[in-house]
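Novice: Quick one: sequence plus predicted model below, questions after.
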Amino acid sequence: MKKIEAIIQPFQLDVVKDALIAIGIDGMTVSEVRGHGRQKGHKEVYRGQEYTVDLLPKVKLEIAVTNARFEEVIATLEAAARTGKIGDGKIFVSDLSEVVRIRNGDRGESAL
Amino acid sequence: MNSKFAQKFSRLQSRLREPQWRRYGMLLLAGKLVGVGLVVLLSMFINPGLLGSHAYAADPVLKANDVVNPINTMWTLVAAFLVFGMQVGFTMLEAGFCRSRETVNVLMECIVDTCLCGLLFYAVGFAFMFSHGNGFIGLNWFLLNGAPATYEATGVAFLAFWLFQFAFADTCSTITSGAMIGRTGFVGDLVYSVAVSGFIYPIIGHWAWGPDGFLATMGSAGNFLPWVGTSFHDFAGSTVVHTIGGFIALAGAIVLGPRLGRKFKRDGGGPMMPHDLTIAASGGLLLWFGWYGFNPGSTLSAMDFEGIGRVAANTTLAACAAGLTAMFYAYLTSKKWDVSFTVNGFLAGLVAITCPCYWVSPGGAIILGGIAGIIVVAGVELLEYLRIDDPIGAVPVHGFCGIWGTLSLGLFACGKYGSTGPFAPDHTAPLTGLLYGGGTTILVAQFIGSATITVATFGVSLAVMYAVNAMGILRVSREGELYGLDLHEHGISAYPEYVISSMGRPGGMSAIATSTESIHSHPTH
């Protein structure tokens, strides 16, 4: 099983969610995070003074998928979240050693 | 007993639900009402005087003062309530422009300053400021003892006048905390507030507004500087309230030093982020609303109805002009339509018009307001350059534009407006300024008054701030400031349910501030 962490633009969240639901991914965890990439944010002006916005608001999605499906999920995610501009985000994939459904104790792929 | 009542009650409930029982109930009720009505009617025949009125003697003829004084008092009280409403505006403005970690501290300081001011102004403040004594200080009416029924020639009830002036004193007291947000120890704030509300504001204010204040009686034979030719005029307090408040704030900001982690523009830094601009902007508008009591109420006379209307109109126009010029001037330098400068802008216009509002024309109000808008933006830049941390721009808005407003009377007083006679206090006689052919007389008097009060205020308040600092209570400890004033002094953060995370950081914010942008955990119960 794989865990997919996707950091995306906040305004792409609805598009990505709809795309994932359309391919049958039912579970996800969404959190609001802040961060930056190679550009280290950008400069703004407030009260006549320049300041750096280097912690930009992003949205993080965490999804657990089976080995069989994860390429498909990544491709969908990527396509839905892409705008082609700086700040689109990244997807991280890691191995998941165990999954448990708390309600009834299911384990492994049947708990996904 | 209880269960019987419960049974009856539940029976009533179930009956109310059935339409037939409801109709029966209505019928019973109607019948009882008709019965009562019949009894009353009958009794009127038996005793006609029961509900009818007796014939009275003719009403006594009302003399002018029977009507004038009550109306003037009413007007003064309504204005006092509006000025007190400015406290809400100040609270919201200051809270909105500071960081969330010091919000509770701001709220507490505003509330406590108000409470302290009320008691101090009752005990000694009003006495120092408005009683007779000598040119420097009033010496009567401590604890309001021995006070007459009305105040001087105004005819306004004494306590109503006291309340009106308390509201003004409260305004000054609240201004002072504005530049000291985020690093002032609460006990230190209490101590310097006592000094401000009880002594600095009333005594220095006496010079300009006391019946025998040396600036109020200046310019005539036998008084201070008779060659000036006219006294110092300050209709509603550009100098007395705003300059005094602004320069005490400046003294405090200088002695305190900036907040930890604050890096200034010339060192590559920038402002600390406001945490709620909704509250800040709404607070500013509330202040504007309260100003409609601050300026027009200073006529202390509803009889001068033209004066009230003119003052209110001038107040409005100056604020409008200042808001726009500040916004456009800020846009020139930053290419953004900055909300904080716009709010500071219209407040600056309001401060500036506060002195000359009675004597200028609407056109003059617009011009002097517009200039105030530019002064305030330049003032904020100046303080930033001098490395003085003023979170909400209190010093440029109140201090600098208070001075400008006071001086502008000497330029823009147009000579057409005045109200003398039995219903008007003396200080509303017509004045003519430089731009209307009145020469420099008034300008000189305004300059002398403003300079005297500014220098005296700044000097005394520096001394007070240094004294409180020497006691070790002015600035909060470093650990307390990093932890956050709210939790350190008040035990609760303003938004305990929300995670406090760092916003877009000012460029070059030091590592100190990084470590303090921690997530405050939900307080365990």
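Specialist: Cool, got the structure. Residues are numbered from 1 along each chain as shown, chains lettered A, B, ... in the order given.
Novice: ok, and for the lengthiest helix in chain A, which residues are buried?
Specialist: Longest helix in chain A by number of residues (criterion: DSSP state H): helix A:70-81. By neighbour count with 16 or more other C-beta atoms under 10 Å in any protein chain shown, helix A:70-81 contains the buried residues A:70, A:73, A:74, A:76, A:77, A:80, A:81. For glycine as for every other residue, the C-beta is placed from the backbone atoms N, C-alpha and C.
Novice: quick one: the residue nearest the centre of chain B from chain A, how far?
Specialist: Closest to where the C-alpha atoms of chain B average out (C-alpha atoms, centre = their mean) is residue B:171, at 3.4 Å. Per C-beta to the nearest C-beta, to the nearest Å, residue B:171 is found 24 Å from chain A.
Novice: Need the mean per-residue confidence for the helix or strand harbouring that residue.
Specialist: Using DSSP states H and E, the element containing residue B:171 is helix B:158-178. Model confidence over helix B:158-178 averages 96 on the pLDDT scale.
Novice: out of all of them, which strand in chain A is the longest?
Specialist: strand A:56-65 (DSSP state E).
Novice: give the contact list for the residue nearest to the centre of chain B.
Specialist: B:83, B:86, B:87, B:90, B:241, B:245, B:294 (C-beta atoms under 8 Å, 6 or more residues apart in numbering or on different chains).
Novice: Next, find the distance separating it from residue B:485.
Specialist: Separation of residue B:171 from residue B:485 (C-beta to C-beta, to the nearest Å): 23 Å.
Novice: do the same with residue B:363
Specialist: 46 Å.
Novice: Looking at the two, which is more packed in?
Specialist: residue B:485 (28 against 12; other C-beta atoms under 10 Å in any protein chain shown).
Novice: Surely that one and residue B:100 touch.
Specialist: No: look at residue B:485 against residue B:100 with C-beta atoms under 8 Å: they stay out of range, at 10.8 Å.
Novice: Now residue 101. Its backbone dihedrals?
Specialist: Here I'm looking at chain A. With angles defined as degrees, to the nearest 10, residue A:101 sits at phi -90, psi 120.
Novice: Please apply the same query to residue A:7.
Specialist: Per degrees, to the nearest 10, the backbone of residue A:7 is at phi -100, psi 120.
Novice: can you count the residues close to it?
Specialist: 17.
Novice: just the one 3 residues further on next, same as before
Specialist: Other residues near residue A:10 number 12, with proximity taken as other C-beta under 10 Å.
Novice: how about the nearest residue to it, chain neighbours excluded?
Specialist: In space, and not counting its chain neighbours, residue A:10 is closest to residue A:59: 4.9 Å by C-beta to C-beta, 6 or more residues apart in numbering or on different chains.
Novice: Show me what that neighbour is bridged to.
Specialist: Residue A:59 forms beta bridges with residue A:8, residue A:32, as assigned by DSSP bridges.
Novice: Using the three-state scheme, assign residue A:5.
Specialist: strand (DSSP: H, G, I helix; E, B strand; the rest coil).
Novice: and residue A:27, how many neighbours?
Specialist: Residue A:27, neighbours per other C-beta under 10 Å, totals 11.
Novice: quick revisit: want to throw the contacts of residue B:171 into JSON lines with neighbour count, pLDDT and distance to residue B:179?
Specialist: JSON lines is the format used below for those (neighbours: other C-beta atoms under 10 Å in any protein chain shown; pLDDT from 0 to 100; distance: C-beta to C-beta, whole Å):
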{"residue": "B:83", "neighbour count": "27", "pLDDT": "97", "distance to residue B:179": "21"}
{"residue": "B:86", "neighbour count": "24", "pLDDT": "97", "distance to residue B:179": "18"}
{"residue": "B:87", "neighbour count": "22", "pLDDT": "96", "distance to residue B:179": "18"}
{"residue": "B:90", "neighbour count": "27", "pLDDT": "97", "distance to residue B:179": "13"}
{"residue": "B:241", "neighbour count": "28", "pLDDT": "97", "distance to residue B:179": "16"}
{"residue": "B:245", "neighbour count": "33", "pLDDT": "97", "distance to residue B:179": "10"}
{"residue": "B:294", "neighbour count": "29", "pLDDT": "96", "distance to residue B:179": "21"}
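Novice: hey, which helix or strand in chain A has the poorest pLDDT?
Specialist: Ranked by mean pLDDT, DSSP states H and E, the weakest helix or strand in chain A is strand A:49-53, scoring a mean of 82.
Novice: who's in contact with residue A:17?
Specialist: A:28, A:30.
Novice: Residue numbers of the stretch 151-300 of chain B in contact with chain A?
Specialist: By C-beta under 8 Å from any C-beta of the partner chain, the part of the stretch 151-300 of chain B that sits against chain A consists of B:265, B:269, B:270, B:271, B:273.
Novice: ok, residue B:219 - contacts?
Specialist: B:225, B:226, B:227, B:228, B:229, B:230, B:231, B:445.
Novice: Correct me if wrong, but it is in a helix.
Specialist: No: in this structure, residue B:219 is coil, not part of a helix, as judged by three-state DSSP.
Novice: Pull the contacting residues for the residue of chain A positioned farthest from its centre.
Specialist: Note on chain A: the largest C-alpha distance from the chain mean falls to residue A:48, namely 35.5 Å (C-alpha atoms, centre = their mean). Applying C-beta under 8 Å, 6+ apart to residue A:48 gives the contacts B:265, B:330, B:333, B:334, B:338, B:341, B:377, B:380, B:381, B:384.
Novice: give me that answer again for 7 Å
Specialist: B:330, B:333, B:334, B:380, B:381 (C-beta atoms under 7 Å, 6 or more residues apart in numbering or on different chains).
Novice: out of those residues, who has the most neighbours?
Specialist: residue B:330 (28 neighbours).
Novice: where does that residue fall, phi/psi-wise?
Specialist: phi -70, psi -40.
Novice: Find the closest residue to chain A in the stretch 351-500 of chain B.
Specialist: At 6.1 Å from chain A, residue B:381 is the closest residue in the stretch 351-500 of chain B, using C-beta to the nearest C-beta.
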